[in-house]
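1. Would you be able to build a 3D model of this:
(chains A, B, C and D)
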There are 2 protein chains.
Amino acid sequence: MTEPPGRRERKKAATRRKIADTALRLFLERGYDAVGIRDVAAEADVAVTTVFAHFASKEALVFERDQDFEQRLTQAVTDRGPHEPLIGALHREVRALVGHCTAEGSAPVRRMIEGSPALREYEESMGLRHAQALAAALAADPGLSRSTTACRATARFAVDAYALACQADDPGATVDEVFRMIEAAWEATAP
Amino acid sequence: MTEPPGRRERKKAATRRKIADTALRLFLERGYDAVGIRDVAAEADVAVTTVFAHFASKEALVFERDQDFEQRLTQAVTDRGPHEPLIGALHREVRALVGHCTAEGSAPVRRMIEGSPALREYEESMGLRHAQALAAALAADPGLSRSTTACRATARFAVDAYALACQADDPGATVDEVFRMIEAAWEATAP
DNA sequence: AAAATAGCCCTAACGGATAGCGTTTCGCAA
DNA sequence: TTGCGAAACGCTATCCGTTAGGGCTATTTT
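-> Next comes the predicted model:
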């Protein structure tokens, strides 16, 4: 599916990755707030405008890898087995996503995120967008037939579970406990 | 409790109100993004630094009135009747808060907020802070005895209910429906 | 009245983000 | 092969939110 993409696209991808890698390295070395976009651009040997041509904001440099978060959430719903219960599929996927975020090498990055209000806010607003996409996926599932409100609420609850788990002492147990609550909430909306 | 506040404090309060009123008027007239802090300062006849002496950020100018949101949420928990169920008290308070936010004159303000990503993000981050305060209040209630995770999750769910209702077509019905879900989720955490 | 303080102003700047415009590099087809 | 359009990038200048530094004056306190 990813055949020779042509020199141009390869160079573009290389520039993008060079910027992201340089940024993350500098952020971890000196601290997020202590590194300016101009520093990143200089160290990556590109112009400031080029940085913003690849990334919408300074915060986006940190979350470059989490592109597919939203897709994985919605696919967990749409691609689940014909008779697999919704909440179970969501639970499983969120647990996997939390696992990613609390993996070995992610500790310094997470500490950096928790240490910067700007990054925490950005992450939450990402969560909001993901909740909206998930709500749309729930509303579109013909087998569920719940109200729009129930879908939206459940989507936000699921994203809450992820956010809470990422900051908890025992992420796995937190996901499980919150999803027990979500399960009950979902059942309460049965037609 | 509010004895003669002295000329100084009266002048300060007047300046603050003048800035907030001017800002809101300009925002509604020309659009939030089209009005700069420098415009607000000039129109209110104060220095830019004075604006930031009274308000922490441009967004805070819009949410000046919602100071007590957090206090009302936590008080709904701490000041409820001796045998009043928790969720019922929360439900009632959130419904009242949503009523405020969807009142007569609030429509243009809400449209402005929904139309600006910066304002939406700020409002959500306010909600986060409120959820943390509410979670603390829940954890501190000796009559509840639920896990920290259950308290945190319930607090976020309640704030979700508020956020969802503010954007919904029928805010009142939305609050009621989401709180039916929250009630079930809360019951599922009974020890 | 003198001293301390709070509120405010002015100037200057910092850092994120963008617009305008020119240059190079590449893809594609005539 | 050549030529052209588009994409990627650079440079410059600028806007915007926000803050620091320093000073002035009205109010409050002693």
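
2. And the pLDDT for A:D66?
-> At A:D66 the predicted local distance difference test score is 76.

3. residues contacting it?
-> When contacts are counted by CB atoms under 8 Å, 6 or more residues apart in numbering or on different chains, A:D66 is found next to A:M126. The way it works is simple: take the backbone N, C-alpha and C, and place the C-beta from them, glycine included.

4. could you redo the last one with a cut-off of 10 Å?
-> Contact partners of A:D66, counting by CB atoms under 10 Å, 6 or more residues apart in numbering or on different chains, are A:60, A:72, A:97, A:100-101, A:123, A:126, A:130.

5. Tell me the one of those residues nearest DNA strand D?
-> For DNA strand D, the nearest member of these is A:A60. The distance, counting by CB to the nearest atom of the strand, is 14.9 Å.

6. And for the closest one, the neighbour number?
-> Applying the criterion other CB atoms under 10 Å in any protein chain shown, we find 16 residues in the vicinity of A:A60.

7. just to revisit the earlier point, with pLDDT as extra columns, can I get the contacts of A:D66 in CSV?
-> As requested, the contacts of A:D66 are arranged in CSV below (pLDDT from 0 to 100):
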residue, pLDDT
A:A60, 96
A:R72, 95
A:L97, 96
A:H100, 90
A:C101, 88
A:E123, 95
A:M126, 94
A:H130, 96
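
8. Would you list the buried entries among the residues you listed?
-> The neighbour-count criterion (16 or more other CB atoms under 10 Å in any protein chain shown) marks A:60, A:72, A:97, A:101, A:123, A:126, A:130 among these as buried.

9. Please report how far the last one lies from DNA strand C.
-> According to CB to the nearest atom of the strand, to the nearest Å, A:H130 and DNA strand C sit 20 Å apart.

10. Touching, that residue and A:Q67? I think so.
-> No: judged on CB atoms under 10 Å, A:H130 makes no contact with A:Q67 at a distance of 11.4 Å.

11. Let's have the contacts of A:D66 in CSV, adding secondary structure and distance to B:I19.
-> Supplementary listing: the contacts of A:D66 in CSV, determined by DSSP: H, G, I helix; E, B strand; the rest coil; distance: CB to CB, whole Å:
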residue, secondary structure, distance to B:I19
A:A60, helix, 33
A:R72, helix, 45
A:L97, helix, 43
A:H100, helix, 45
A:C101, helix, 41
A:E123, helix, 31
A:M126, helix, 32
A:H130, helix, 36
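
12. What is the burial count for the residue lying closest to A:L138 once chain neighbours are set aside?
-> What sits nearest to A:L138 in space, not counting adjacent residues and going by CB to CB, 6 or more residues apart in numbering or on different chains, is A:C151, at 3.9 Å. The local packing of A:C151 (other CB under 10 Å) involves 21 other residues.

13. so who does A:C151 touch?
-> The neighbours of A:C151, taking CB under 10 Å, 6+ apart as the test, are A:134-141, A:144, A:186, A:189.

14. Phi first, then psi, for it.
-> Phi and psi for A:C151, reported as degrees, to the nearest 10, are phi -60, psi -50.

15. how close does it get to A:L164?
-> Using CB to CB, to the nearest Å, A:C151 is found at 20 Å from A:L164.

16. sorry, back to before: per-residue pLDDT, the residue nearest to A:L138?
-> Here, the pLDDT recorded for A:C151 equals 98.

17. What of A:D45?
-> Predicted confidence (pLDDT) at A:D45: the value is 93.

18. Give me the mean pLDDT for whichever helix or strand A:R8 is part of.
-> Element membership of A:R8, judged by DSSP states H and E, is helix A:6-30. In this model, helix A:6-30 carries a mean pLDDT of 92.

19. Run through the neighbouring helices and strands of it.
-> Secondary structure elements in contact with helix A:6-30, counted by 3 or more CB pairs under 10 Å, 6 or more residues apart in numbering or on different chains; DSSP states H and E, are helix A:37-44, helix A:48-54, helix A:106-115.

20. now the longest one and helix A:6-30, what's the angle there?
-> Note on geometry: by axes from the mean of the first three to the mean of the last three CA atoms, to 10 degrees, helix A:106-115 and helix A:6-30 are set 70 degrees apart in direction.

21. ok, helix A:106-115 near chain B or not?
-> No: with CB under 10 Å from any CB of the partner chain as the criterion, chain B is not reached by helix A:106-115; the gap is at least 13.1 Å.

22. same thing with the shortest one?
-> No: Helix A:48-54 lies out of reach of chain B by CB under 10 Å from any CB, never closer than 16.6 Å.

23. Which other helices and strands does that helix contact?
-> Here helix A:48-54 touches helix A:6-30, helix A:37-44, going by 3+ CB pairs under 10 Å, 6+ apart.

24. Kindly report the same for the last one.
-> When contacts are defined as 3+ CB pairs under 10 Å, 6+ apart, helix A:106-115 packs onto helix A:6-30, helix A:86-101, helix A:117-140, helix A:148-167.

25. Adding distance to B:V159, write those out as TSV.
-> Conversion of the helices and strands packed on helix A:106-115 to TSV gives the following (distance: least, CB to CB, whole Å):
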stretch	distance to B:V159
helix A:6-30	30
helix A:86-101	19
helix A:117-140	12
helix A:148-167	9
